[in-house]
Each structure stands twice: as structure tokens, then as C-alpha cells.
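Student: sequence plus predicted model, see below.
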Amino acid sequence: MKSLSTLKFLILLACLGFAQISFAQSKEIKPPKTRILFMFDASQSMFGRWQTGVKMEVAKKLLSNLLDSLARVDNLELALRCYGHQSKFPPQDCKDTKLEVPFGPNTALRIKNRINELEPRGTTPIAYSLEKSGDDFPPCSNCRNIIILITDGIEECSGDPCAVSAALQKNGIVLKPFVIGVGLGVDIKKQFECVGTYYDAANESQFHTVLNVVISQALNSTTMQVNLLDISQKPTETNVAMTFYDEFSGRINYNFVHTLNHRGNPDTLQIDPLGTYKIVVHTTPPVEQDSISLVAGKHTVVGIDAPQGFLLLKTGGRSEYKNLQAIVRKKGEMNTLMVQSFDEPEKYIIGDYDLEVLTLPRLYLNDIQVSQSHTTTVSIPQAGIVNVLKKGPGYGNICIEENNELKSIYTLKENYLQENIVLQPGRYRIFFRPKSSKESIYTIEKQIKVESGGSVIVQLF
């Protein structure tokens, strides 16, 4: 029996250990898969001479060498779409494009072989090819989709490559494409800048360099840090959530809780260098910075003004409230920033705020200043209690009396024979008519004064 019990105990320990390992593994963040679609120009103009040979042959050789190195890269899938290679020009075939090698594992050799088989034939339908490429990327929840367009000519089919590229990015299908111009010259750059990041390969050596630069940017993330600056422009603010949005598509790319490392410096983040970001820091109220671009392989430091202080709400003496709260707004604005509980400090961007305290009656406290790294304490008077007694059901109100004017702040519960109501200090009038009395002349009126920490008994009979 003892050996059986020992065996059960060991099995239990093993199961617990496996569960812990599984949990730890489930917490690991899996890096996204990178998918690169090469969009290759095989139009008739690729027969043109270019330094040591024909453009097509030079491009084939250099791209083949690149594919050999990419074949050994993990977490990477490659595909090939060509255009201008199926129909001879003339006549012009503006739908001459085809996905020659779809995405999948170990496609580098297939792409290399297919490129070596290509013969330039037709025209240059760049916009249509980009449009069709939207269907080349199978659904994937954790993928970076990139297009590398290699071309020696501009759009020849009256399409709008810029609009198509913008739509692909806006819909979150691809990141900002790369465009490599083969012997096009810098004068063509403006026509492709709206399509993607343009690189001019004026000669063979530049083409080789540009290919490697583009691949480096496509595959490598880079580092950055966000400095949340206090009023003295020092990066001391921290412990707040941040969201990185793709500025073009509006897609949420990253969420972090800002931290300072063991040296007191903002933590280093691994960020995809492709695209432009808007960072929203979820302070109260939020602060943001847009048009943030990163350079692959370079550490980028972004400073965002986020000076903060604390606001603490308290009541004088013993509080009669169970869960008193106040609405916090920026000075002069109606938008609610926070519904803050009493006795619980909250952090705000420095500035002036207006408070609406949810007491009876409401208290309005304006121009409350929050300062850098300082706790602003706001206290309200201790409330009193009014104990209302009725012999039977009826209707009535409690009104506060100020400047010879009555304002209703509370409606008595019709069927309650006793109510304990917490009120701020002040003068009040209570009106009540029994439900059984059908004439207004039977209205009962009581005048009371509520003092801090005091109690008043009101008999409505």
C-alpha cells in the first residue's frame, strides 16, 4: 500500500510539474512570421542593356544569390508574383500578372528556378498586380506581410499603384511595400514614393546593396525607448500603459506597460521598423505623439510629455458615505475623465480640473490644480444624517434653501416609512403629502438645518 501511495504522489508531482512547464510556455510571446512576396517585373523593357548585360539576366543573378541566403532563415515564407511575362506586346495585356509560387515552407528554390525560366514579353500593369497580390497572403493572425516590388518601368495601364498600395495598407493586408527601381533614375522616385519605400538601383552594385538593405529592414526588428517626461523634461514618469498604432491603417500593433529598468532608465522595446506609428500613453487624460518612424538597426528614443501628480479626495471627520465618488473633468470641459472614489489617490496629467462630488446636494469644486509629483488633497465638509419618519405611504421632496430659492435634491420613496438620508450641511425644506390625502392642502412642510456630523429626526405626521 505504501509503495502505491508513493507512486500516486510521484505521478501527482509530475503532473504539477508538467502543468507549470505548460503554463510557462503558454506565457512566451511567439514572434510573428514574416512573409515576403517578391513582385518581379518581366515586361519587355527588361530586355534592355544594363552595364554588364541585359537587365533581366543581371536581376535574375542577384536575386538568385539573395534567395540562396534566405533559404536558411527561420520563421520566413517567400512567394513570387510576376507581371508582363505571359502575353507578348503588342497588343497590350493589362491583366498579365500571375502568382507563380505561392507562400509555403522552403519555397526559395522554387522561386529561383521559376525566375530563371522567365522571358520578358509584355507590358507593366503594376496597379493591377498589386491589387491581385492582396489575395496572395493566406489568412494569418501573427504574420508580417511584405511586398518587394522590383521594376524597371512605371505603370503602363492607366492604373493607380499609389491608391492600390494605400488600400492594401489601410486594410491591414500588407505593411508599407518596398520598391526597387532597376536603372530608373532618381527622377522616377516621386512616382513610387506614394507606393512604398523607394530605392533607386542605378547600377548592378547598387542593386545588390539595395536588395540586402531591403531584406535587412524586412527581417530585423529594431530597438526604441519611450521617455515619459516630467515637467523638467526628465524621463521619470512610468508605470502606465501605452498603445502603438499604425498611423496609416489605424491598426493596433503593440501594447506595453511602461517601466523603468533596474538602472532607472526606460525599458528597451523591440519594434518593427516598417511603417509609421502613433503612440497613445494612457494617462489621465491620455497624451500622444504621432509620425514616429524608426530606422532599422538604429536605437530610437522618443520623448513624450507626461508630467503627472496625484489627487486625493477626503471628507472631514467620520464619513457617513458608503462609496462616495466625484466626477473629474478638465477645467472648462464637460467630458468625464474619471469617476474617482474618496480616500483613493489617482494620478493625473498636471493642470487644472473641475470636480462634481456626488453628494446630496452635489458639490462643484472648480480650478483644482494638480502639480508635478505632488498630492493635491481636496476635503469636503462632513455630512449629516436626516432620519425621515412617515406613518404611511406618500409623496414628497427634499429641497435645499439657498439665496431665497428652493432646489429639489431628493425625492422621498413613496412606500418607505423610514429613510436615512446623508446630506451636506445646509438649510433644507421637506414637503410631504400622504397618499391617502387627495387634496394639496394636506401637504406637510418641515424646515431643518443639517450640521456636519449631526443628525436630525423629521416626523412627517
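Tutor: Sure, I can see it.
Student: where in the chain is pLDDT low?
Tutor: The model of the chain has pLDDT under 70 over residues 1-29, 185.
Student: which residue is nearest the centroid of it?
Tutor: In the chain, the centroid-proximal residue (CA atoms, centre = their mean) is Thr243; its distance is 3.7 Å.
Student: phi and psi next, for that one.
Tutor: phi -120, psi 130 (degrees, to the nearest 10).
Student: next one: the one 10 residues further on
Tutor: Phi and psi for Asn253, reported as degrees, to the nearest 10, are phi -100, psi -40.
Student: burial check on the closest residue to it other than its chain neighbours, number of neighbours?
Tutor: Leaving aside its sequence neighbours, Asn253 sits nearest to Phe244 (CB to CB, 6 or more residues apart in numbering; 4.8 Å). Using the backbone N, CA and C atoms, a C-beta is placed for each residue, glycine as well. For Phe244, the neighbour count with other CB atoms under 10 Å is 22.
Student: which residues sit against the host helix or strand of Phe244?
Tutor: Following DSSP states H and E, one finds Phe244 within strand 241-246. Residues outside strand 241-246 that contact it (CB atoms under 8 Å, 6 or more residues apart in numbering) are 169, 172, 226, 251-258, 271, 275-282.
Student: got the contact list for stretch 152-172?
Tutor: 41, 43, 45-46, 48, 55, 92, 94, 123-128, 130-131, 133-134, 147, 174-177, 181-184, 188, 191-192, 194-196, 246, 248-249, 251.
Student: restricted to buried residues, select the contacts of strand 241-246 in ChimeraX.
Tutor: Selection of the buried residues among the contacts of strand 241-246 in ChimeraX, burial being defined by 16 or more other CB atoms under 10 Å:
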select :169,226,253,258,271,275,277,278,279,280,281
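Student: show me the contacts of strand 241-246 that map onto helices.
Tutor: Assigned to helices by DSSP state H, the following of these qualify: Gln169.
Student: what about the contacts of strand 241-246, which are in strands?
Tutor: 226, 252-257, 271, 276-281 (DSSP state E).
Student: need the max-distance pair from those residues.
Tutor: Greatest spacing in the ones in strands among the contacts of strand 241-246, by CB to CB: Val257 and Thr276 (23.0 Å).
Student: quick one, phi psi at Thr411?
Tutor: According to degrees, to the nearest 10, Thr411 has phi -100, psi 120.
Student: residue contacts, it?
Tutor: 396-397.
Student: one more time with 7 Å
Tutor: Asn397 (CB atoms under 7 Å, 6 or more residues apart in numbering).
Student: and the gap between it and Lys438?
Tutor: Using CB to CB, to the nearest Å, Thr411 is found at 20 Å from Lys438.
Student: do Asn387 as well
Tutor: Asn387 is 28 Å from Lys438, by CB to CB.
Student: who has more neighbours, these two?
Tutor: Set Asn387 next to Lys438 and count neighbours by other CB under 10 Å: Asn387 wins out with 13 against 8.
Student: Three-state assignment for that one, please.
Tutor: Recorded secondary structure, Asn387: strand (DSSP: H, G, I helix; E, B strand; the rest coil).
Student: residues contacting it?
Tutor: 420, 455-458.
Student: now that we have these, which of them are buried?
Tutor: 456, 458.
Student: JSON lines for the contacts of Asn387, including distance to Thr151 and secondary structure?
Tutor: Shown next, in JSON lines, are the contacts of Asn387 (distance: CB to CB, whole Å; DSSP: H, G, I helix; E, B strand; the rest coil):
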{"residue": "Asn420", "distance to Thr151": "80", "secondary structure": "strand"}
{"residue": "Ser455", "distance to Thr151": "85", "secondary structure": "strand"}
{"residue": "Val456", "distance to Thr151": "86", "secondary structure": "strand"}
{"residue": "Ile457", "distance to Thr151": "89", "secondary structure": "strand"}
{"residue": "Val458", "distance to Thr151": "87", "secondary structure": "strand"}
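Student: nearest to Val210 among the contacts of Asn387?
Tutor: Asn420 (79.0 Å).
Student: what's the spacing between that closest one and Leu313?
Tutor: Taken as CB to CB, the span from Asn420 to Leu313 is 23 Å.
Student: next: Val388.
Tutor: Taking CB to CB, one finds Val388 at 28 Å from Leu313.
Student: for Glu119, same thing?
Tutor: 78 Å.
Student: go on, Val179?
Tutor: 57 Å.
Student: show me how the chain divides into domains.
Tutor: 33-219, 222-305, 308-380, 384-459 (automatic domain parsing).
Student: on the three-state scheme, Leu63 is what?
Tutor: Leu63 - assigned by three-state DSSP - is helix.
Student: my bad, Glu155
Tutor: coil.
Student: next: Ser205.
Tutor: helix.
Student: rewinding a little: the contacts of stretch 152-172 in strands, which ones?
Tutor: Per DSSP E, those map to strands at 41, 147, 181-182, 246.
Student: Thr236: neighbour count?
Tutor: Using other CB under 10 Å, Thr236 has 19 neighbouring residues.
Student: ok, now Leu109?
Tutor: Neighbours of Leu109 (other CB under 10 Å): 13.
Student: need phi/psi at it.
Tutor: phi -70, psi -40.
Student: just list the residues touching it, thanks.
Tutor: Per CB under 7 Å, 6+ apart, neighbours of Leu109: Ala71.
Student: please repeat the previous calculation with a cut-off of 8 Å.
Tutor: 67, 71.
Student: and what of Val182?
Tutor: Here Val182 is in contact with 41, 46, 50, 55, 59, 150-152, 201, 207 (CB under 8 Å, 6+ apart).
Student: need phi/psi at the residue nearest to Cys194 when sequence neighbours are not counted.
Tutor: Closest residue to Cys194 apart from its sequence neighbours, by CB to CB, 6+ apart: Cys162 at 3.7 Å. Backbone torsions of Cys162, given as degrees, to the nearest 10, read phi -60, psi -40.
Student: equivalent analysis for the one 3 residues further on, please.
Tutor: Phi and psi for Ser165, reported as degrees, to the nearest 10, are phi -60, psi -40.
Student: can you check Val210 too?
Tutor: phi -60, psi -40.
Student: how much space separates Gly183 from Gly332?
Tutor: Gly183 is 61 Å from Gly332, by CB to CB.
Student: the more surrounded of the two?
Tutor: Between Gly183 and Gly332, counted using other CB under 10 Å, Gly183 has the larger neighbour count: 23 against 9.
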